[in-house]
Structure formats: C-alpha cells, structure tokens
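> any chance you can model this:
(2 chains)
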Amino acid sequence: MPKFDSQAIRQGDRLALSRALTMVENNTPESREVLAALFPFTGSAHLVGVTGAPGCGKSTLVNQLVKYLRNADQSNPNPKVAIIAVDPTSPFTGGALLGDRIRMRDLAGDEGIFIRSMASRGALGGLAHQTASFVTVLDGAGFDLIIIETVGAGQAEVDIASLAHTVIVVEAPGMGDDIQAIKAGILEIADIIVVNKADRPGANNTARALQVMLGMAQGGNRAFRGKHILDSNQLPSTAEQPDEVAWEPPVHLITATEGKGIPDLVESLHRHAEYLRSSQLWQKKEALRLRRDLEALIRDMLVRQWRQELDENKFETVLMDVIQRKFSPIEAAELLL
Amino acid sequence: MPDKKIRVLIAKPGLDGHDRGAKVIARALRDFGMEVIYTGLRQTPEMIAEAALQEDVDVVGLSILSGAHNVLVPAVIEKLREYGLEDVIIFVGGIIPKPDIRSLKDLGVYAVYGPGTNTQTVASDIQHALTPPHD
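Presented below is the predicted three-dimensional model:
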C-alpha cells in the first residue's frame, strides 16, 4: 500500500486520489490522516444529489448533465466535476454490482471528470456510511462540483438531503398517480424535480401532478423552501424575514437519452446555488451537516470505546438472561453500560 | 476496523457485442462477496484503464469473444502500466486458442478462462492471487 500524499492529491494526481478514497472507504488507519489533511481545503464545492427510483434514469441524466457542464455551459466554464455513484450491496453475500458507469461512457477520457462507484455496504438511507467522507476528499482535492448519485431510492431514503446543497429528484412517467406525489418522502427533499423520459406518454400528466402538489405546498409553511433539512427550532421564522423569497422547486421535463432539456436544468442548478448563497442557507446547511457529522463520529467513538472495555462474558450472561425473559432489553442495556 | 472488499472491474474491450459471459461472471463474483464494476460494451483500452484507475480495483477481468485478444490485451496492459497500475491482477475470459494462452500469460495475464469454466474457480483464483504477500 503506497503512502498517502495530500500534496499529490491537491495537485491533481488521480492515482493518489483514488487510493485515498479506497483508504477512506475501507476505514483503514491512514484514512484519518487523509481526512484531516484535506479537511482544511473543503467547503467550496457545490454538492449536488441526484436521487429517484431504480431505472428512472439517474445515471443517464448525470451523464448528460456533466457532459453539458464540461463542454457547453457558458456561465461557469470548465468546472472540475466528481461523481460518486452509489449502488446497493447485497445483504446476503456482501457483494455488489456497480453498473452506473455503463451510462456514463460519454464522460470517459476527460481529465476534468472523476467518477467513482461506491457500494452501499449495509447503509440504508440511499448512501454508504463513507459517502460524506468521499465528499470531503473530493472537495479537498479541488473539485468544483460533486455529484452524488444515490442508490435507486423508493420513498424514504432521504440521507442525501442532509449531505447535498441541491437535491435533484428524478421521476419518470407511469410511476403512480397524484397520491404518490403528495406522500411524505423523497419529493419533500427536492430542490429541483426532473420528469425524465419525457418522450414517453403520460410525461406531461406526471409533470402537472407534481406541479399541483408543489402549489399546495407553497400555500403551507412547510417544506419546498430549501429549508427542509433544518431542524424546526433552527428555522428562520418567516416573521423575521418577511421579504425572503421562498425557493420554488422547478419541474423540468427531460429526455436524458437525447440530452433534451438539460440546459434549463443547468440554469436551475446555478440559480439554486445562487439562492442558497444569497439567503445564507448555504452556510446554515453546512453548519448543520458538520454538526450531524460530529455527533455521528462521537457516537461511533463511544460505541467503539464501550466495545473495547466490554466484558464479553458478562455480555453473554446478560444476553442469556434476556433470552430467558429475566430482564427486558432495556434493563439489560442499562446493566451493561 | 478496516473493512476491505475485493474490487473487480469487468470490461469488454473491442467491438464484439456479446456480453452474456461478462454479465454471468459479474453476477457470480458479486455472489462471492466482491464489489464488481461493470462498464458495458465496446470499451477502448484507455476507457478500461481509466475506469480501473478511478475505481482503484484489485482485479481487471477482460471478456473478449472477437478474436482480437492478441491486440487488445497488450493494449490494455500497456495503458494500465502507464497509469501506474502495475499490481492489478488481470484475467481474460472468452474464446482464446491454446497457443495464445501462453503468450497472454507471458504478458502478465494471471489466468485465461474458456467456455464452461466454473465461476467458483474464477472466484477462488482471485482470492488466491490477492492473498499476501501481494496485498
């Protein structure tokens, strides 16, 4: 295993970057060093999440989006783009088939793009446990835009909302009626909605149902204002900032296989970044994310510490008592702490 | 605790359009607990080496049914070396005539698998190739 070299990563050495990501993914002892060395350089990348049901066209959309950003976007020429593509790990064998690159062949051969596939390794929220650390490494390596494609997500895999600045939720026609559109779940985290496969019948109906649903939300005081990840007690009250313009998630009809509708999507992406910056939500999201990361780390460390100090025999004895219904699990946990 | 998984890139270089074999092997290695990256049909040696670099794989499996293995395999190996990936294990699957197997191995190919190979064989070869002192 070669030694980790943050200097090389900062200077764009792709092999050093790739090896560092592996260290982080495998949680090796060096990974701490990697994250500590790169963390000071983070905080400037725009983190964009792309989520939606399996087969709705997330990877194809990312392919077209990044192709456009690299080659045709006049407002922000030549950004360095990293893509993290997460696919599920088998709960039975621990193996995974990572197939998102198949749709991203247009991006091959461009030194300004770095694509890394990632297996979810047992995490359930649509990302892997180390996805946030991948973001730290790639942000520290100097990528301007980091696109995180989640596992094909159903209704409740919403971890991406607390990681990304901008969440694109991808829908496809024929996936359900307007009741699906008003259920709680991934639509609530959308900053931008894409109705992909717009060449299919029913696409306009799907877009209309989503727009109606968004219209209802605008009347209320809840989500769809780019504030969804903030805890309710940290919500800036509307009374304080009566003039603040709420973010209305746009609905884009896109045919990703042909790249139709991509320029408008890119425009919305830039507009959302601008909105987050001007409304200070960028910093607030960042602060909240770092708070959560810190809390999660402390939790992990406490568990590890507890495990090191644990008397295995005592644990087994207490467990046996629980199995024989002498203690409830709660009583047993208190006994073991 | 470190949590190392074997990462394998399954790639189809060249122009043949038959990837049943590649998919079977990808699926089988998944079932042996490996993380398999499949990149689809008609990959150039550059694309394969680039994917291997970005994904930091331990193993590259090349599926070739076109008969162009004597051209494609050396090209992939050369690109992998150019990218600094000398220690990646390479195996080849497909219809490879016996005399060519020797020369491919001389180039650094770890193993060559023909039709009818048991997937268990491939998986245990990979595990064997990656056990220390290699890793």
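> show me where chain B has strands.
Secondary structure of chain B (DSSP state E): strands at B:7-11, B:35-38, B:59-64, B:89-94, B:111-113.
> so what strands line up beside the last one?
For strand B:111-113, the paired strands and their directions (DSSP bridges) are strand B:89-94 (parallel).
> quick one: distance of the partner strand to the chain centre.
Distance of strand B:89-94 from its chain centroid, counting by Cα atoms, centre = their mean, to the nearest Å, is 4 Å.
> separation between the residue nearest the centre of chain B and residue B:126?
Geometric centre of chain B, nearest residue: residue B:61, 1.2 Å, by Cα atoms, centre = their mean. Between residue B:61 and residue B:126 the distance is 9 Å, computed by Cβ to Cβ, to the nearest Å. Where you see a C-beta, it was placed from the backbone N, CA and C, and this is true even at glycine.
> can I get the strands of chain B in CSV with distance to residue B:45 and mean pLDDT?
Listed next are the strands of chain B as CSV, based on distance: least, Cβ to Cβ, whole Å; pLDDT from 0 to 100:
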stretch, distance to residue B:45, mean pLDDT
strand B:7-11, 9, 96
strand B:35-38, 16, 96
strand B:59-64, 10, 96
strand B:89-94, 12, 95
strand B:111-113, 18, 95
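> would you list the ones you listed in CSV and tack on distance to residue A:14?
What follows is the strands of chain B, written out as CSV (distance: least, Cβ to Cβ, whole Å):
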stretch, distance to residue A:14
strand B:7-11, 15
strand B:35-38, 16
strand B:59-64, 17
strand B:89-94, 20
strand B:111-113, 28
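> before we move on, back to that, which residues do residue B:61 and residue B:126 both contact?
B:8, B:91 (Cβ atoms under 8 Å, 6 or more residues apart in numbering or on different chains).
> give me every residue in the stretch 1-150 of chain A lying close to chain B.
A:14-15, A:18-19, A:21-22, A:26-29, A:89-90, A:93-99, A:101-102, A:105, A:108-109, A:114-117, A:119, A:121 (Cβ under 8 Å from any Cβ of the partner chain).
> rerun that using 6 Å as the cut-off
Residues of the stretch 1-150 of chain A lying close to chain B (Cβ under 6 Å from any Cβ of the partner chain) are A:14-15, A:18-19, A:22, A:26-28, A:93-99, A:101-102, A:108, A:114-117, A:119.
> PyMOL command for the buried members of those?
To isolate the buried members of those in PyMOL, using 16 or more other Cβ atoms under 10 Å in any protein chain shown:
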select buried, chain A and resi 14+15+18+19+22+26+27+28+94+95+96+97+98+99+101+108+114+115+116+117+119
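> test my guess that residue A:252 contacts residue A:265.
Yes: Residue A:252 is within contact range of residue A:265, at 5.1 Å (criterion: Cβ atoms under 6 Å).
> thought residue B:24 was touching residue B:30, still the case?
No: counting by Cβ under 6 Å, residue B:30 does not reach residue B:24; the two are 10.8 Å apart.
> what about the two, which has more around it?
residue B:30 (22 against 14; other Cβ atoms under 10 Å in any protein chain shown).
> residues contacting the nearest residue to the more buried one once chain neighbours are set aside?
Distances taken as Cβ to Cβ, 6 or more residues apart in numbering or on different chains put residue A:95 closest to residue B:30, at 3.9 Å, once the chain neighbours are dropped. The contact partners of residue A:95, taken as Cβ atoms under 6 Å, 6 or more residues apart in numbering or on different chains, are B:30-31, B:33-34.
> could I get the residues you listed as CSV with pLDDT?
Formatted as CSV, these follow (pLDDT from 0 to 100):
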residue, pLDDT
B:30, 95
B:31, 95
B:33, 94
B:34, 96
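> burial count for residue B:82?
12.
> same thing with the one 3 residues further on?
Using other Cβ under 10 Å, residue B:85 is surrounded by 19 other residues.
> neighbours of the residue nearest to it when sequence neighbours are not counted, just the number please.
Nearest residue to residue B:85 in three dimensions, chain neighbours excluded: residue B:52, at 5.7 Å (Cβ to Cβ, 6+ apart). By the criterion of other Cβ under 10 Å, residue B:52 has 27 neighbours.
> my read: the residue nearest to the centre of chain B touches residue B:12, true?
No: using Cβ under 6 Å as the test, residue B:61 is too far from residue B:12 to be in contact (9.7 Å).
> and for the residue of the stretch 151-300 of chain A found nearest chain B, the neighbour number?
For the stretch 151-300 of chain A and chain B, the shortest gap (Cβ to the nearest Cβ) falls at residue A:300, measuring 11.6 Å. Neighbours of residue A:300 under the rule other Cβ under 10 Å: 11.
> report the secondary structure state of residue A:91.
Following DSSP: H, G, I helix; E, B strand; the rest coil, residue A:91 is assigned to coil.
> what's the spacing between it and residue A:99?
18 Å.
> quickly find the element holding the nearest residue to residue A:289 once chain neighbours are set aside.
Counting by Cβ to Cβ, 6+ apart, residue A:289 lies nearest to residue A:162, which is 5.9 Å off, once chain neighbours are set aside. Using DSSP states H and E, residue A:162 sits in helix A:160-163.
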